[in-house]
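Undergrad: using only what follows, build the 3D model:
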Amino acid sequence: MKIQWLGHSAFLIETSDGRKLITDPYDSGSYDGAVGYEEIDVAADVVTVSHEHPDHDGVANLPQSPGTVIRNTRPIEVEGFKISGLETYHDENQGDDRGKNTVFVIETEGLRICHLGDLGHLLTDKQVKKLGKVDILMIPVGGHFTIDADQATKLTNQINPSIVIPMHYKTKVLGFPIAGIEPFLSGKPNVVIKGKTYTEVSTENLPEKTEIHVLDHAK
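TA: Coordinates of the predicted model:
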């Protein structure tokens, strides 16, 4: 399986037989140009949307209409992906500030991927248990609109995935008032700077101890 970071919270998950899923496609140029990542030019069979803010719901601007768009927590199996959702919030005030957020668990090729969307709070032990075993965790680390580096660290330890891929942090093309990746990486072991936009993962090459894979954004 190949996981490519398109930018922000958008990832392309491509299976060995070419099926494609995109998480949280951003609307390039939204928020008065603050979302400076280039337009996504990849077509996908399936798209998941954690919430309907422009930097996470650019489905209408994808080059081809996906066969399935998932915006809720109802379990579904489609195109070889088994997907379920957990309802959470975009803030620490039960959604009063920024609304709801869906955490998705995506199962394919024997791996379980968890995409936290714009999670704005820590999860309870009950919620973590409901997520189940997580092999690959895509986690926001920039703070302000989501959990910050310290909260992301606590949640990573709580979930205990094999691989962590940070997302939703400040880059040179993102104009949001959020932190970069450095506070999250500070002092952590097993940080793998991939030096490319993707990582390749299988059930055979999962690390024994949690690794943080830092990807370049594709767009």
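Undergrad: any idea how far the residue lying closest to residue 45 once chain neighbours are set aside is from residue 158?
TA: Using Cβ to Cβ, 6 or more residues apart in numbering and skipping residues adjacent in sequence, the residue nearest residue 45 is residue 79, 4.4 Å away. For every residue, glycine as well, the C-beta is placed using N, CA and C. Computed with Cβ to Cβ, to the nearest Å, the distance linking residue 79 and residue 158 is 31 Å.
Undergrad: could you do residue 213 as well?
TA: Relative to residue 158, and taking Cβ to Cβ, residue 213 is found at 19 Å.
Undergrad: likewise residue 176?
TA: 26 Å.
Undergrad: the two - which one has more neighbours?
TA: Counted by other Cβ atoms under 10 Å, residue 176 and residue 158 do not tie: residue 176 has more neighbours, with 17 against 14.
Undergrad: and the residue nearest to residue 45, what pLDDT?
TA: As predicted, residue 79 sits at a pLDDT of 94.
Undergrad: what is the neighbour count of it?
TA: Neighbours of residue 79 under the rule other Cβ under 10 Å: 16.
Undergrad: ok, now the one 3 residues further on?
TA: Using other Cβ under 10 Å, residue 82 has 13 neighbouring residues.
Undergrad: before we move on, what about residue 64?
TA: 10.
Undergrad: over to residue 149?
TA: 21.
Undergrad: list the contacts of it.
TA: 141, 143, 179, 183-184, 186 (Cβ atoms under 8 Å, 6 or more residues apart in numbering).
Undergrad: if you set the cut-off to 10 Å instead, what comes out?
TA: Contact analysis of residue 149 by Cβ atoms under 10 Å, 6 or more residues apart in numbering lists 141-143, 166, 169, 179-186, 188.
Undergrad: can you list the buried residues in the biggest helix by length in the chain?
TA: As assigned by DSSP state H, the longest helix anywhere in the chain is helix 149-159. For helix 149-159, a neighbour-count test (16 or more other Cβ atoms under 10 Å) marks 149, 151-153, 155-156, 159 as buried.
Undergrad: ok, stretch 59-67 next?
TA: For stretch 59-67, a neighbour-count test (16+ other Cβ under 10 Å) marks 59, 62, 66 as buried.
Undergrad: which residues does it contact?
TA: 20-22, 24-30, 39-49, 52, 54, 69, 71, 78-79.
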